[in-house]
Every structure is written in structure tokens, then in C-alpha cells.
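Engineer: compute the structure for the input listed below.
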Amino acid sequence: MTMKHTPILMLALALVLAACSGHTLTTVRVNVLSYIPTASRSGQLDLTNATLFLPDDDGDGTYGNDPDGLALDLPSLDILEKARLEARLSLKNTGSAPASVSLEIHVAPPSDGFIYDGSEDYTVLSGSVNLNPGEEKPLELDATLNEANPAFGLLKTGKFRVGLKVSLAGDTVNYTLEKASVSLSGRLFKLIPD
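Structural biologist: Below you'll find the predicted structure:
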């Protein structure tokens with residue numbers, strides 16, 4: 001290499017390093033819905049099956065009773081700016097009495113074997129909807145978490161469990177899970193100062 005090419009090489013190196021600054025935002029998205037078999041995304045809640053835990057990967061031949069959720073191992077973000085969690089259910093009361101359906105999104109450490117018991121887990125979102133007989137309604141949850149949320153530190157590690165709890169109070173309701181996702185946005189490293 002000649003001295004003539006050195007300034008060009010230095011300029012190219014400076015441009016590459018500038019592109020990798022501490023301001024580069026990375027978003028990791030997980031479609032939790034894709035971990036739920038298509039046939040299990042719809043069903044019926046009734047008096048005998050009033051609570052579902054999704055996703056269910058315990059392999060016991062039944063669906064909706066797995067208490068440990070989905071284990072995720074995502075890239076760790078040195079600087080996590082926000083975490084977004086979303087879920088959407090489509091519901092129809094097919095019974096003869098009013099019904100109420102609740103939906104909760106839980107996250108927990110990888111070691112938690114029952115992420116819905118309030119022990120080590122966090123309920124990051126919850127909501128409910130009331131349905132009269134024959135009525136159809138969506139139940140949608142969407143929240144963006146920041147450092148003020150207690151679950152934020154856990155999500156920042158990239159290693160956590162996530163799950164949905166669907167509960168019925170009433171007669172019979174048909175459901176379809178249409179959306180379930182987690183998005184983490186931040187910076188992968190903080191080696192280069194802002």
C-alpha cells in the first residue's frame with residue numbers, strides 16, 4: 001500500500017466507525033404467536049376449561065395448561081430504551097348468560113416454573129372485557145415499558161419467560177388469539193461514547 005492510499009483508507013475507516021456509533025438502535029422482535037400451533041390459536045372457553053396458559057410446550061398431550069410459558073434467549077442489550085408487549089384476542093359469547101374474559105401477559109426469569117403465580121413473575125399487562133350473549137368483541141393489550149417498570153431489568157437481559165393467561169367468568173366464549181409479540185429496542189453495546 002502506498003502513502004497515497006492511506007488517507008482514503010483512513011477516511012473509509014472513520015466512516016465505518018461513525019456508522020457503528022452508540023446511537024445505532026437495534027430492535028429485536030419475537031412473534032410469540034408463531035410458537036402457538038395454528039390449531040390451538042382458536043377454541044372455546046367454558047366451565048370445564050375456564051383458564052388457558054399459552055404458549056404450551058410441555059408435550060403432555062393437552063393444550064393450554066403449561067405453567068412455565070415460553071423461554072426466550074435473545075441478544076442482551078447494554079442499553080434497553082423500551083420494551084413493547086402486545087396481544088389481541090377476538091371473542092364471541094356463544095353462551096346464554098353474560099361472560100367476562102380477562103387476558104394477562106406475564107414475564108419471569110428463566111428459572112421460574114410457574115410464571116402466573118405472582119412469585120418471581122411480573123404481570124406486565126392485564127385487561128378484561130364483558131360480553132352479552134351473542135356479542136363479539138376484541139380484547140387488545142399493548143404497552144411500552146421503560147425503566148420505571150419493575151419487569152424492565154429482566155427484559156433487558158434478553159433471557160426470560162413470557163406467557164399469556166386467558167380466563168373466563170361465565171358460560172361459554174369462543175376465542176381466537178390474533179396477536180402476541182414482544183419487541184425490545186436499544187443498543188447492543190456502549191463501547192463508543194455518545
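Engineer: going forward, measure contacts between C-alpha atoms and count neighbours the same way
Structural biologist: Fine.
Engineer: so where is this protein shaky, pLDDT-wise?
Structural biologist: Of all residues in the chain, those with pLDDT under 70 make up the ranges 1-23, 61, 188-194.
Engineer: so where do the strands sit in it?
Structural biologist: Using DSSP state E, the strands assigned to the chain run over residues 26-31, 42-45, 51-54, 70-73, 79-93, 99-108, 122-131, 136-145, 159-169, 173-187.
Engineer: need these in a markdown table with distance to residue 151 and mean neighbour count, can you?
Structural biologist: Conversion of those to a markdown table gives the following (distance: least, CA to CA, whole Å; neighbours: other CA atoms under 10 Å):
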| stretch | distance to residue 151 | mean neighbour count |
| --- | --- | --- |
| strand 26-31 | 17 | 15 |
| strand 42-45 | 29 | 17 |
| strand 51-54 | 19 | 22 |
| strand 70-73 | 15 | 17 |
| strand 79-93 | 10 | 20 |
| strand 99-108 | 7 | 22 |
| strand 122-131 | 6 | 18 |
| strand 136-145 | 8 | 16 |
| strand 159-169 | 10 | 22 |
| strand 173-187 | 12 | 20 |
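Engineer: endpoint to endpoint, stretch 115-122 covers what distance?
Structural biologist: Counting by CA to CA, to the nearest Å, the length from the leading to the trailing residue of stretch 115-122 is 8 Å.
Engineer: which residues are contacting that stretch?
Structural biologist: Residues outside stretch 115-122 that contact it (CA atoms under 8 Å, 6 or more residues apart in numbering): 67-69, 106-109, 112, 123, 150-151, 161-163, 165.
Engineer: in those, find the pair that's most separated.
Structural biologist: By the measure CA to CA, the contacts of stretch 115-122 have their two most distant members at 67 and 150, which lie 21.3 Å apart.
Engineer: hang on, the earlier thing: for residue 90, state which of the contacts of stretch 115-122 is nearest.
Structural biologist: Closest approach to residue 90 among these (CA to CA): residue 165, at 14.6 Å.
Engineer: check contacts around that closest one.
Structural biologist: The contact partners of residue 165, taken as CA under 8 Å, 6+ apart, are 51, 52, 53, 54, 102, 103, 104, 105, 106, 116.
Engineer: quick one: the second one from residue 94, how far?
Structural biologist: Residue 52 sits at a distance of 18 Å from residue 94 (criterion: CA to CA).
Engineer: also the last one?
Structural biologist: As for residue 116, its distance to residue 94 is 27 Å (criterion: CA to CA).
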